[in-house]
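K.L.:
need a 3D model of the sequence below.
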Amino acid sequence: MKPARILVALATVAGIATTALYVPSDANVTPPAADEAASFIKAEEIIQYGQPNRLSLQSSVAIVMDDREGVMLYGRNVDRPRPIASLTKLMTALVIIESGLSLDEQITITREDRDRLRGTRSRLGFNAVFTRYDLLRAALGASDNRAAAALARTYPGGQEAMVQAMNAKSQALGMLQTRYADASGLDSGNISTARDLTRLVAETRKHALLHILTTTASFRITDRASGRELGYHNTNRLLRKVTWDIALSKTGYTAAAGNCLLMQTTIGERPLTIVLLNSWGKYSRYGDAKRIQQWLQKAERRVPPIITARATPG
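P.N.:
Numbering: from 1, shown residues only. As a prediction, the model looks like this:
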């Protein structure tokens, strides 16, 4: 059972309120103990022996960051601003959680929440009532645009204040090439870079709740008005693969943005942030993630044994 499932199960058994799962942490990156770090192949050795220039991806923008050392293992157009589609919703959720708004508050879906820009559909019917927590689950896990719109509408000051708060947070994080235009990502004015998005990942890692909301493979939410339950699957298909250990996840797609994927994951024993933007083809972003996984595994095997032995105590 993955950590997210364990935490959810414990919370359910103990009857813990959903807001109790919001657990902040002060550190962006937790360095390993000295003897633990020594047992790992260093990032510089992965770059030297892994030949990242030979890694061929279908995404026009990509970054692979070693989170333990803060070193970029692979980069492609990492500072090129691109539309980011529903990756936007990760900042939406971060602002909501850090605002301190009650996650148990019930929110009624209205016609104001419908997508007037692209006409995307939603299973959240008008006059249905969901908790803010369930809307976060739908927005992040199922990438529901109407859920994101309802979260923005009910933010203090409404949608305009929500977007202002998102942009203020991005500037505070040093995401200087990032701009937000709405809470869902439907507007092509939501723009960022791969490098900026690694900063967003580092910030979201402070919140255990975002781990749960973005990595639960399947979940159900309840319409408090009718009692009807809606079942969803996470939009990241890799969460249903046993070969992946994913701590944070978000997908996105619009015609302007292409297919996008953001993950904080562990390959082998190496924590990584992976951002893939503008990957054309329905499954190409997942193919790229698999290519990165295979490349890293091969790169570690290419490091000469004498180097690995020298890095290990004794």
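
K.L.:
make it CA atoms for all contacts and neighbour counts henceforth
P.N.:
OK.

K.L.:
what's the single longest helix in the chain?
P.N.:
helix 284-302 (DSSP state H).

K.L.:
what sits up against that helix?
P.N.:
41, 46, 49-51, 55-59, 238, 259-261, 267-268, 274, 276, 279 (Cα atoms under 8 Å, 6 or more residues apart in numbering).

K.L.:
try stretch 103-110
P.N.:
Outside stretch 103-110, the residues touching it (Cα under 8 Å, 6+ apart) are 18-19, 124-133, 150, 154, 224.

K.L.:
which of these count as buried?
P.N.:
Thr18, Leu124, Ala128, Val129, Phe130, Thr131, Arg132, Tyr133, Ala150 (16 or more other Cα atoms under 10 Å).

K.L.:
keep only those of the residues you listed that are in strands.
P.N.:
Within the buried ones among the contacts of stretch 103-110, residues falling in strands by DSSP state E are Val129, Phe130, Thr131.

K.L.:
would you turn the residues you listed into a markdown table with pLDDT?
P.N.:
Output for those, formatted as a markdown table (pLDDT from 0 to 100):
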| residue | pLDDT |
| --- | --- |
| Val129 | 98 |
| Phe130 | 98 |
| Thr131 | 98 |
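
K.L.:
let me know the closest of those residues to Ile96.
P.N.:
Closest approach to Ile96 among those (Cα to Cα): Thr131, at 13.0 Å.

K.L.:
excluding chain neighbours, what is closest to the closest one?
P.N.:
Gln106 (4.2 Å; Cα to Cα, 6 or more residues apart in numbering).

K.L.:
now Arg228
P.N.:
Thr222 (5.7 Å).

K.L.:
what residues does the one you found make contact with?
P.N.:
By Cα under 8 Å, 6+ apart, the neighbours of Thr222 are Phe130, Asp134, Arg228, Glu229, Leu230.

K.L.:
nearest residue to the fourth one other than its sequence neighbours?
P.N.:
Spelled out, that is Glu229. Glu229's closest residue in space is Thr222 (Cα to Cα, 6+ apart), at 4.4 Å.

K.L.:
ok, the second one next?
P.N.:
Of all residues not flanking Asp134 in the chain, Ile221 sits nearest, at 5.7 Å (Cα to Cα, 6+ apart).

K.L.:
the one you found is in contact with Gly227, isn't it?
P.N.:
No: using Cα atoms under 8 Å, Ile221 makes no contact with Gly227, being 9.8 Å away.

K.L.:
joint contacts of those two?
P.N.:
Contacts common to Ile221 and Gly227, judged by Cα under 8 Å, 6+ apart, are absent.
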